[in-house]
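**Q** Model the structure of this input:
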Amino acid sequence: MPAVSKGDGMRGLAVFISDIRNCKSKEAEIKRINKELANIRSKFKGDKALDGYSKKKYVCKLLFIFLLGHDIDFGHMEAVNLLSSNRYTEKQIGYLFISVLVNSNSELIRLINNAIKNDLASRNPTFMGLALHCIANVGSREMAEAFAGEIPKILVAGDTMDSVKQSAALCLLRLYRTSPDLVPMGDWTSRVVHLLNDQHLGVVTAATSLITTLAQKNPEEFKTSVSLAVSRLSRIVTSASTDLQDYTYYFVPAPWLSVKLLRLLQCYPPPEDPAVRGRLTECLETILNKAQEPPKSKKVQHSNAKNAVLFEAISLIIHHDSEPNLLVRACNQLGQFLQHRETNLRYLALESMCTLASSEFSHEAVKTHIETVINALKTERDVSVRQRAVDLLYAMCDRSNAQQIVAEMLNYLETADYSIREEIVLKVAILAEKYAVDYTWYVDTILNLIRIAGDYVSEEVWYRVIQIVINRDDVQGYAAKTVFEALQAPACHENLVKVGGYILGEFGNLIAGDPRSSPLIQFNLLHSKFHLCSVPTRALLLSTYIKFVNLFPEIKTTIQDVLRSDSQLKNADVELQQRAVEYLRLSTIASTDILATVLEEMPPFPERESSILAKLKKKKGPGTVTDLEEIKKERSSDMNGSAEPASVNASAVSTPSPSADLLGLGAAPVTNSAPPPSSSGSLLVDVFSDSASAVAPLAPGSDDNFASPDLASSEVVSEEPADTVHDADELFHKFVCKNNGVLFENQLLQIGLKSEFRQNLGRMFIFYGNKTSTQFLNFTPTVICSDDLQSSLNLQTKPVDPTVDGGAQVQQVVNIECVSDFMEAPILNIQFRYGGTFQNLSVKLPITLNKFFQPTEMSSQDFFQRWKQLSNPKQEVQNIFKAKHPMDAEITKAKIIGFGSALLEEVDPNPANFVGAGIIHTKTTQIGCLLRLEPNLQAQMYRLTLRTSKEAVSQRLCELLSEQF
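**A** The predicted structure follows:
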């Protein structure tokens, strides 16, 4: 920075600040400020021209007054005039005032931009730095429009000084974050990558921050940065602390740069070049080795810097998930931190181990720390650390340790912090069901859960236990006996009364032979709780009573007396009154046969996944460890008590990236009709929750909706290859706005999908499930693309095992790259032999253009400005169509978001309309898209308008989205 001359001390400013500080009251301060404002205003309006020093002094006073919280409505022009000064201090004050007080809508913005352009063109590094700082501080769209094309040139110019390069990189990063569409990708992108090799580490650090952000949106453009980042990281990691003296922080060489380089590498998969990959592995091993070395300093700054690099390295190891040795070493290193005296380190170790537990390579290593984690749950003071311990126990749970972990969670639940009790309840319920080998243990666990934390047991939990009890004959008698004993406690939670009422109403006859649980005793026990319960529970108990009339005719008179009482027939609640009247009438006039038919035992529920998972995911939010654990666990777990556990060919595919969010669970409303009997005892686990087409409720009022579609009637099986694609258009269109679900199912085979997409890249996991008890031989799935589609879509498929055992699942990974826009969908052809018969079927794979959407947030002004720019008739496609589904605003919003665009709130003048914006990413180009959906509730019609820069894209997106409503 240039030296400040003696005359720049601004004594008048110091005196003014001193006067303000000496004011005894707020009134005195305001009086002094008003006096000063009047003086400054008179000076600015006076006839005598002010010199640069005076302008600077008065502008500084205005800035100080503004920072005290007072409005400033003059002096802006004087500040702009300071920008043209050749004195550093005057120019600095001018830029400071503008950065703080001038908004993007100011009329002076053009003058400011001209001054900034002059400074950028001056090649004076000091003035260029001030100008770049001002651009970054203001960061408005107007600034981006004016300078987004100029700053990259400064950044990559050969004669730009290092300090200016640093400022230019950070300034461009700021503009890209505020207005990404205005920062052009061009020749400079390949040159900016080479800044990673710059001799000045400050430039490298700033460039790494910029490249990391750009690579997240445009990975292909910056793919070459991987090898350069590995090379630079290797030089830092292997250097001694004295080699990078200016950038060594408490004996740790360049920790900030190391962390940034490791984060940049997390934007990409493991390097394909063996040399680069080997060098990266050496770097990670070196970082792990240094973590074991004795500390070179006892200062906390040393350990903080060292651990920051270590944890980022572990994050990269987890992200790549490809080196078993590194994963196990990372796990062991984190295990040492579990008992560290620093609370933050314990927290970070638990959090990282939660992700490690989802890897097939390190899951066993994580399990070795179970005792330490349980001890942390019991003794840790910080509730956030205890919560991470619960998450880790949940993540490391499998069949070998499920009972121990569930027992520890139940013990902790009695004293757990109230903020995490509901989450613990959900996790205990999921684990108890998922790993229940003995379902009597499951029933005991859930009832114990209700006893300990009944207020936090959601409806999904007790609905689920009822479904499982109804579906399993071997546990019904035990469940009835257990809930009967639990209800005898003087104080029972209402959820226990609900479970008891439902189960005894269905299976009370199984324990009625014992004099201690005779029909009358069962009824009296339930009715003793009646007056303490809420209306919904009373309604359920009334249904139990009428069930008792059918099960136990000997107590019919007693039940009729209760139903006939004034408290029931004249109840203020309409629902209770109606039930009492109808049940009394039914028990009076119906014959025994009619009662037996109307009140018969509930049939088994269709096998489906628990809605508790959806509840937990909703509570935790998307992209959490919970999602990752379900990916891992669903491969080897029997979630619904099916005859055999679903198995997976472990060699078929590597574990998905920890950053993936592949478990999209969502409940949908269902009817209250009784469920039909299950058509067949499926040997497979249906892990695709949102694939249901017709579902029966779990219990009255249930929100659960996880059944599999029955598609047997549309099966394609023949001795010859199929000439036509399987009739799955309806299901194909359902996948337009979702990524997970069942694509096809018949008596032999179930095909499920889980997908993830980012920019122009995607990955699809295809699950093939053998529903029979006989092996599939020569199992060959093939993805077929037409000639036109091959040029627009690159698909790489990994082979699967040609033999699929009965009741097993195998998994295939399809890597997807969108090269250019496309209209068709690829075909999945599957051929195999079953029982000596050749089977052949084909289905469309739901890889559609909208999967490569990137949502874009826009203001109302920007949206309609862009809307007008896309006014060419060829750029707009409009469709007016009849609504095929109920016109629900929330469902419509969810579908637009699922389609891939951002849902823009409060943009359209008509609040009933929906507008969205996004960018279709392909390898060759990016296509902006705006959509507007106008519902007409009276006519039950929609008008959908799409505008993009390419007619074919508009047409295709309009076709896809129209099918959703």
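
**Q** Out of the helices and strands in the protein, which is least certain?
**A** In the chain, no helix or strand scores lower on mean pLDDT, DSSP states H and E than helix 625-633, which sits at a mean of 45.

**Q** hang on, isn't T592 packed against P553?
**A** Yes: the pair T592 and P553 passes the contact test of Cβ atoms under 8 Å, sitting 7.4 Å apart. Bear in mind the C-beta positions are built from the backbone N, C-alpha and C, glycine included.

**Q** Looking at these two, which is more packed in?
**A** P553 (13 against 9; other Cβ atoms under 10 Å).

**Q** Could you measure from the more buried one over to I919?
**A** P553 sits 70 Å away from I919, going by Cβ to Cβ, to the nearest Å.

**Q** for S239, same thing?
**A** From S239 to I919 the distance is 41 Å (Cβ to Cβ).

**Q** Between the two, which has more neighbouring residues?
**A** Neighbour tally, S239 and I919, criterion other Cβ under 10 Å: the higher count belongs to I919, 21 against 14.

**Q** The more buried one should be in a strand, yeah?
**A** Yes: using DSSP: H, G, I helix; E, B strand; the rest coil, the assignment for I919 is a strand.

**Q** Make 19 the first number, not 1, from now on.
**A** Taking 19 as the first residue, the last one we looked at is I937.

**Q** wait, doesn't it sit right on Q872?
**A** Yes: contact criterion Cβ under 8 Å: I937 and Q872 qualify, at 4.8 Å.

**Q** need the helices for the stretch 369-518 of the chain, in chain order.
**A** 381-385, 388-397, 401-414, 420-431, 439-452, 457-471, 477-489, 491-505, 512-525 (DSSP state H, counting those that start in this stretch).

**Q** Let's have the ones you listed in JSON lines, adding mean pLDDT, mean neighbour count and distance to Q944.
**A** Formatted as JSON lines, those follow (pLDDT from 0 to 100; neighbours: other Cβ atoms under 10 Å; distance: least, Cβ to Cβ, whole Å):
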{"stretch": "helix 381-385", "mean pLDDT": "88", "mean neighbour count": "19", "distance to Q944": "39"}
{"stretch": "helix 388-397", "mean pLDDT": "88", "mean neighbour count": "17", "distance to Q944": "46"}
{"stretch": "helix 401-414", "mean pLDDT": "90", "mean neighbour count": "23", "distance to Q944": "38"}
{"stretch": "helix 420-431", "mean pLDDT": "90", "mean neighbour count": "19", "distance to Q944": "47"}
{"stretch": "helix 439-452", "mean pLDDT": "88", "mean neighbour count": "24", "distance to Q944": "40"}
{"stretch": "helix 457-471", "mean pLDDT": "87", "mean neighbour count": "21", "distance to Q944": "50"}
{"stretch": "helix 477-489", "mean pLDDT": "85", "mean neighbour count": "23", "distance to Q944": "42"}
{"stretch": "helix 491-505", "mean pLDDT": "90", "mean neighbour count": "19", "distance to Q944": "56"}
{"stretch": "helix 512-525", "mean pLDDT": "91", "mean neighbour count": "25", "distance to Q944": "52"}
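
**Q** where along the stretch 869-983 of the chain do the strands fall?
**A** 871-873, 894-900, 920-922, 932-939, 944-954, 959-966 (DSSP state E, counting those that start in this stretch).

**Q** Low-confidence stretches in the stretch 69-218 of the chain?
**A** 122-124 (pLDDT under 70).

**Q** where do the helices sit along it?
**A** With helices called from DSSP H, counting those that start in this stretch, the stretch 69-218 of the chain shows them at 70-85, 94-100, 106-119, 127-139, 143-156, 159-165, 169-174, 180-196, 206-211.

**Q** Show me what counts as buried in the last one.
**A** So the one you mean is helix 206-211. W206, T207, V210, V211 (16 or more other Cβ atoms under 10 Å).

**Q** check contacts around the third one.
**A** For V210, the contacting residues are P170, L173, V174, A187, A225, L228, I229, by Cβ atoms under 8 Å, 6 or more residues apart in numbering.

**Q** Could you export the residues you listed as a markdown table, including neighbour count and distance to L356?
**A** Formatted as a markdown table, the contacts of V210 follow (neighbours: other Cβ atoms under 10 Å; distance: Cβ to Cβ, whole Å):
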| residue | neighbour count | distance to L356 |
| --- | --- | --- |
| P170 | 23 | 46 |
| L173 | 25 | 44 |
| V174 | 18 | 47 |
| A187 | 27 | 39 |
| A225 | 29 | 37 |
| L228 | 22 | 36 |
| I229 | 26 | 35 |
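
**Q** Now render these as a markdown table, adding distance to S536.
**A** Converted to a markdown table, those look like this (distance: Cβ to Cβ, whole Å):
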| residue | distance to S536 |
| --- | --- |
| P170 | 86 |
| L173 | 86 |
| V174 | 89 |
| A187 | 82 |
| A225 | 81 |
| L228 | 78 |
| I229 | 77 |
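
**Q** ok, so of the residues you listed, who is nearest I51?
**A** A187 (40.2 Å; Cβ to Cβ).

**Q** Please give me every residue in contact with that closest one.
**A** Residues near A187 by Cβ under 8 Å, 6+ apart: L173, V210, L213, V221, A224, A225, S227, L228.

**Q** tell me the two of those residues that are most distant?
**A** Across the contacts of A187 (Cβ to Cβ), the longest gap, 12.6 Å, separates L173 and S227.

**Q** The helices of the stretch 369-518 of the chain: which one's closest to D823?
**A** Among these, helix 439-452 sits nearest to D823 (Cβ to Cβ), with 21.5 Å.

**Q** Report all helices and strands that the closest one contacts.
**A** helix 401-414, helix 420-431, helix 457-471, helix 477-489, helix 630-638 (3 or more Cβ pairs under 8 Å, 6 or more residues apart in numbering; DSSP states H and E).
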